[in-house]
Structures are given as structure tokens and as C-alpha cells.
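**Student:** Mind folding the following:
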Amino acid sequence: MRSHEVTQGVSRAPHRSLFYAMGYLPEDLEKPIIGVVNAANEIIPGHFHLDTIASAAKAGIYAAGGTPAEFPSIGICDGIAMNHSGMKYPLASRELIADSIEAVAEAYKFDGLLLIGSCDKIVPGMLMAAARLNIPAVFIGGGPMLSGNHNGEPTDLVSGAFEGVGAYASGKISAEELKEIESNCCPTCGSCAGLFTANTMNCLAEGLGIALPGNGTIPAPYGKRLQLAKKAGASIVEMVKRDIKARDILTLEAFRNAVTLDMAIGGSSNTVLHLLAIAREAEVELRLEDFDEISRKVPNITKLLPSGSHSMEDLDRAGGIQAVIKVLLDAGLYNGGCITVTGNNHISNTTYSNVKDWNVIRSIENSYSPQGGIAVLGGNLAPDGAVVKAAGVKPEMMVHKGPARVFESEEDAYASIMEGAIKPGDVVVIRYEGPKGCPGMREMLSPTAAIIGMGLEKSVALITDGRFSGGTKGPCIGHISPEASEGGPIAILQDGDIISINIHERKINVELSNQEISRRLEKWQAPESKVKKGTYLYRYSKLVSSASKGAILEI
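**Tutor:** Next up is the predicted model:
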């Protein structure tokens, strides 16, 4: 075992002394030592309760004959960081999380890792570390928050409070109603209700096979979530005993399965960034083009909040992710032979899975769309690609043409939207918000939610070299690459330029000649950095790559 390098032999007497100081028994050090990475904190609803998950998971490790050794991970709540300078940090924190787990796991030579997280960048950061270290690893999430309720209808943070701000600004609701919404849209702990980035990544961890069945959908307050944590604890010990390493699971076929699942459920566009980054750590060649290739042949068979009316609890009751996988397996769209942390493959895992509500999980023949939930666009405005959550776009906005309204930051765009300066037909352009230019590639949830709240989602598009929350819906195109700060064509757009969007044909273009684009680019000058030297964000900006590569760090 790896841990014997730390705990065994005469020369390790000092090391054992330090373990004894913490109450470990000599026999504890003979067992597999499992690093339990617990991202619990008191500033993320999805992580507020993770100590209870960790306790259950450690009980499972003990029962299976292992020794748990818990250590922490940082985490940031995207919702609380949203719409101010703090949003520069969440995506950048993904790399910090992976690096810190690597440092501790290698320093202590853990035999395996049990990774406990829930929210947007914490899940991919943990999976990146697992892939990089290539030791036995199991991920367990904290579960989705239960949906809120407003006027007898299910609601969540985005369709409730974020869109409520726009509705209030346009006079559609009163201050009292907005107060009622904000008091009721997030009723429990857990990752924000709806198929936003956090819940999508928890579902995709299940699809990759690095998390147990049920991980994506069992709600946070349910006792079944604690049962799952105990099973996860037992599972990691068994993986150590069988020497099943992370990359045995995280193969190219597993990543293609995850993309297939993503398209079927209509997940967050942020998953493109994260799957590319995890695959890179696993030394798997997943490409941006693979997402579009898979999207063109995998139908969208669920419509969850924010794109539809069904909740994460509805999906869980309908059979969860395993039922979705079973539908895809039966259609020949999923590789059932990939091994998972159960020790079995997907075919075995789904033996007793079935769809319990065909209104929530549709059949292939009755899909919402014959193509997947995410589309990758190209064209003269995005030579290296752009991403849109097609499942959240109304049919009448799948094709749109309009004049550009150009803003140099999210704050400027948001202020203009709230002032009522954006008119039907406009294409809002927010630039210098990419991985390098921001730096940190902020999410544009507040501007998009304001557009929807003001009733413009069927007439206004928004494009950016930044990214969108998993809670975003509507014709919102992000990840435009190259980004503005790298001299991408988005940098030379001017107010009034006509932007043409055709999601069906995967095109986003500005109606300018190649000569005019070249002329403007020759005059363009890169702006100064928005962050001070010596800060983490400054160092990050010098190393981070394009969104088309997953915004990974490159030297």
C-alpha cells in the first residue's frame, strides 16, 4: 500500500509517533488509509451540511476495514459571488482545489481518496485531482436542495430571486413579492435546486462512473443521502483492495458517456469547461468537437429547471440518472461496458433500473429534441468555438439576427439592462470577461436573469467570451474563443454591427467582410491587466488557456 511508505518500518517510528499523538492506534496504520477530502464550510448552502456526509462516509470506511483521515478543501458559492468582482475567483479556484488535494495526498501517500463536495467548481476540481493522482478515488456529493415554492409553483434561486430582480425592475412584481420570493426559493441546504452546474456535475460524476448510482439526484435532506455516503466509504476501501485506480474508470469511453448523458439531460454549458479539464488530467484526448458530434445524435429527453418545469426531486422519483442511462443503453447510445466505482459496469448497475415517470424522463422516440442540450457554434465571430445551452433556448430564438450592443464588462451591461436601454432585437455583447481578460471567466447570470425577468428572452440574445451559470436559459452564447483579450474577433465589434446566430446550423457570425475584420484587428490593442501583480488572479491570468481547451493552466 502507498501509505506503508509513511507508516511502516523502523525508520518510520517518528511518523507513527505523530499519528499516535492524534489518537490513531497501531492497527489503524496497518489498514488502507483513506484521505477524506471534506469541502464543508459555513458559506455555501451545498456544503453547509457536508460534515454529516463525511461522518457517514467515515463510518463506511471503518466498517469496510479502512482508516479515514479527513482534511479540508476550499469552496466558493457562485450564487453569492455573482455579479461583482468576487466572481473572478470561482473558476480559478478549481485549480487551487486540485493542487491542494494533490499536495496533501502525495505528502501523506494516502491509499485512496474519498472526495466530498457539492458545488460548481469544487466537484470538477476534486475530479481533476483524482485523475491527476491516479489512485483509487470515489466522489460523493451532498445532494440537491429541495425546490422552493411561490404561488403554488416550484421555484429555485434562478427562476425565483435572480429573475425576480428583473421582474421588479420592470414593474412586474412589487418589493413585497420579491421579498417573499427570496425568502422561499432556497428552503434547504444542498446544491441549488435545478439542473445548474453543481447538480449537472454531480450527475455526470455518476455517468463517468466515479460516483455511486444515486449521487446526482438523491436530495440533500434525505436519509438515503447518508446511506449513499456510507456505501461510498465502503466502496473506496474495496477499490483500494482491488487496485482499481481513477484512470481505470476515467477512460475516453467514460468521458464520451458523460457527454452523452449531458446532452440527454440538457445540463449546464459549464460542463464543457470541466469535462475538458478533467480529461486533460486523465491524459484523455477529449475535444470540443466531440461535444457537438455527440450532441447531433443524442436526443434531449429531460427538461429540468431552469429549462423546464421538473425538479431534481422529480428526476429522482422518476428513477434518477441510472434510469436515464438505461434509456440510453437500450438505444445503443451509451457504452455499458465501462467499469464504475461499484466494481461493476453500467450494464450491471442498471439491471434493476427503470423509468418510473415517462413525463419526467421521456423515451428516445418522444424526446424534447432529436439533438442534445448543448451546441457548439463556429463562425467568423468564434473561430475556435462557442457554446450555448440549446435546451434552454425558445424555438423562436434558435435563429436570430440583430444589432450589437457592446459592453466592456458585466457591470456595464447589467446597468444598461436594468435601465431599460436594451430593446427587442438587440444582441448584447459582453467582452473582456474570458479566462485571461477577466481574469477568471465570470458567469453572466445576473444580466441573463434580468433580461428574462424583464420579458425580453424571446427577442434579445446575449453573447460573451465569459460564461454562463447552469441556471441560465435563453439565447445566451458563451465561451467565445479566442477571447477579446487574446485578440479574438469579439474584441473589434462595434455598436450596430449585425450579429447573425443560427443554432440549428451551429453558426455565429458578424456581418462584416474579412477585410473589415482584418482592418479592425490591425488597429486593436490589448488592454492592461485588470488585476494587480502578485495576486493569485494575476498569476492565473498568465497561465490560463482558452475556454476551448477547458480554461486549463498551461506552462
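
**Student:** what about the nearest residue to residue 369 once chain neighbours are set aside, distance to residue 257?
**Tutor:** Distances taken as C-beta to C-beta, 6 or more residues apart in numbering put residue 300 closest to residue 369, at 4.3 Å, once the chain neighbours are dropped. For every residue, glycine as well, the C-beta is placed using N, CA and C. Going from residue 300 to residue 257 by C-beta to C-beta, to the nearest Å gives 16 Å.

**Student:** Which residue lies closest in space to the residue most central in space within the chain, excluding its sequence neighbours?
**Tutor:** Geometric centre of the chain, nearest residue: residue 197, 3.6 Å, by C-alpha atoms, centre = their mean. Nearest residue to residue 197, sequence neighbours excluded (C-beta to C-beta, 6+ apart): residue 470, at 3.5 Å.

**Student:** hang on, residue 235 packs against residue 138?
**Tutor:** Yes - here residue 235 reaches residue 138: they are 5.2 Å apart, a contact under C-beta atoms under 8 Å.

**Student:** Need the residues touching each of the two.
**Tutor:** 212, 341 (C-beta atoms under 8 Å, 6 or more residues apart in numbering).

**Student:** Same drill for those two, tell me which one is more crowded.
**Tutor:** Each of residue 235 and residue 138 has its neighbours counted (other C-beta atoms under 10 Å); residue 138 has more, 32 against 27.

**Student:** residues in contact with the more buried one?
**Tutor:** Residue 138 makes contacts with 112-115, 210-212, 232, 235-236, 239, 341, as judged by C-beta under 8 Å, 6+ apart.

**Student:** can you redo these as a markdown table with secondary structure and distance to residue 509?
**Tutor:** Below are these laid out as a markdown table (DSSP: H, G, I helix; E, B strand; the rest coil; distance: C-beta to C-beta, whole Å):
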| residue | secondary structure | distance to residue 509 |
| --- | --- | --- |
| 112 | strand | 50 |
| 113 | strand | 46 |
| 114 | strand | 48 |
| 115 | strand | 42 |
| 210 | coil | 39 |
| 211 | strand | 40 |
| 212 | coil | 45 |
| 232 | helix | 47 |
| 235 | helix | 49 |
| 236 | helix | 49 |
| 239 | helix | 49 |
| 341 | coil | 44 |
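
**Student:** Check the residues you listed against residue 292 and report the nearest one.
**Tutor:** Each of the contacts of residue 138 was scored against residue 292 by C-beta to C-beta, and residue 210 proved nearest at 24.2 Å.

**Student:** and stretch 194-210, how far from the chain's centre?
**Tutor:** Distance, stretch centre to chain centre, for stretch 194-210: 8 Å (C-alpha atoms, centre = their mean, to the nearest Å).

**Student:** Check which residues of that stretch are buried.
**Tutor:** Buried residues in stretch 194-210, counted by 16 or more other C-beta atoms under 10 Å: 194-210.

**Student:** taking these one by one, which sit in helices?
**Tutor:** Counting by DSSP state H, the part of those found in helices is 197-208.

**Student:** where do the helices sit along the stretch 251-400 of the chain?
**Tutor:** Taking DSSP state H, counting those that start in this stretch as the test, the helices found in the stretch 251-400 of the chain are 252-265, 270-281, 288-295, 312-317, 320-330, 346-349.

**Student:** Next, the buried residues of the shortest one.
**Tutor:** Think helix 346-349. For helix 346-349, the neighbour count (16+ other C-beta under 10 Å) marks 346, 349 as buried.

**Student:** just stretch 301-311 next, same as before
**Tutor:** Within stretch 301-311, the residues scored as buried using 16+ other C-beta under 10 Å are 301-308, 310-311.

**Student:** tell me the average confidence for that stretch?
**Tutor:** For stretch 301-311, the mean pLDDT works out to 91.

**Student:** And for stretch 248-261?
**Tutor:** For stretch 248-261, mean pLDDT is 98.

**Student:** Could you do stretch 386-395 as well?
**Tutor:** Mean predicted confidence for stretch 386-395 is 94.

**Student:** I would like the residues contacting it, please.
**Tutor:** 266, 268-269, 272, 291, 295, 300, 303, 306-307, 368-369, 371-378, 398, 457-458, 463, 468, 472-481, 503, 508, 547.

**Student:** outside of the host helix or strand of residue 14, which residues touch it?
**Tutor:** In this structure, residue 14 sits in helix 13-21 according to DSSP states H and E. By C-beta under 8 Å, 6+ apart, the residues outside helix 13-21 that reach it are 6-7, 26, 28-29.

**Student:** ok, now stretch 98-107?
**Tutor:** Under C-beta under 8 Å, 6+ apart, the answer for stretch 98-107 is 35, 37, 71, 73-74, 113, 115, 125-126, 128-129, 132-133, 135, 281.

**Student:** How about stretch 260-268?
**Tutor:** 195-197, 200-201, 203-204, 207, 271, 275, 291, 294-295, 298-304, 307-308, 321, 324-325, 327-328, 333-334, 368, 371-374, 389, 391-392, 469-470.

**Student:** sorry, back to before: tell me which of the contacts of stretch 98-107 fall in strands.
**Tutor:** Counting by DSSP state E, the part of the contacts of stretch 98-107 found in strands is 35, 37, 71, 113, 115.

**Student:** Of the contacts of helix 13-21, just the buried ones, ChimeraX syntax please.
**Tutor:** To isolate the buried members of the contacts of helix 13-21 in ChimeraX, using 16+ other C-beta under 10 Å:
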select :6,7,28,29
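
**Student:** Looking at the contacts of helix 13-21, spot the one nearest residue 184.
**Tutor:** Nearest to residue 184 among the contacts of helix 13-21, counting by C-beta to C-beta, is residue 28 at 46.5 Å.

**Student:** Over to the closest one. Which of the three states is it?
**Tutor:** Classification of residue 28 using DSSP: H, G, I helix; E, B strand; the rest coil returns helix.

**Student:** Spatially nearest residue to it (excluding sequence neighbours)?
**Tutor:** Spatial nearest neighbour of residue 28, excluding adjacent residues (C-beta to C-beta, 6+ apart): residue 67 at 4.5 Å.

**Student:** what's around that neighbour, how many residues?
**Tutor:** Count around residue 67 with other C-beta under 10 Å applied: 23.

**Student:** Residue 22 too?
**Tutor:** Residues near residue 22, counting by other C-beta under 10 Å: 7.

**Student:** what's the answer for the one 3 residues further on, then?
**Tutor:** Around residue 25 there are 11 other residues, counting by other C-beta under 10 Å.

**Student:** Tell me the pLDDT of it.
**Tutor:** In this prediction residue 25 is given a pLDDT of 98.

**Student:** Offset the numbering so it begins at 120, please.
**Tutor:** OK, 120 is where the count begins now, so the last one is residue 144.

**Student:** Got the phi and psi for it?
**Tutor:** phi -90, psi 160 (degrees, to the nearest 10).

**Student:** What residues does the closest residue to residue 185 other than its chain neighbours make contact with?
**Tutor:** Once flanking residues are discounted, residue 185 sits nearest to residue 356: 3.9 Å by C-beta to C-beta, 6+ apart. Contacts here follow C-beta under 8 Å, 6+ apart; on that basis residue 356 touches 151, 153, 179-180, 183-185, 231.

**Student:** Residue 275 too?
**Tutor:** 264, 266-267, 304-305, 311-313, 424-425, 430, 590.

**Student:** So what's the predicted local confidence for it?
**Tutor:** 92.

**Student:** Could you check how far it is from residue 167?
**Tutor:** From residue 275 to residue 167 the distance is 17 Å (C-beta to C-beta).

**Student:** Next up, the contacts around residue 213.
**Tutor:** 240, 243-244, 247, 393, 396.

**Student:** Residue 617 and residue 521 touch, don't they?
**Tutor:** Yes - between residue 617 and residue 521 there is a contact under C-beta under 8 Å: 7.1 Å.
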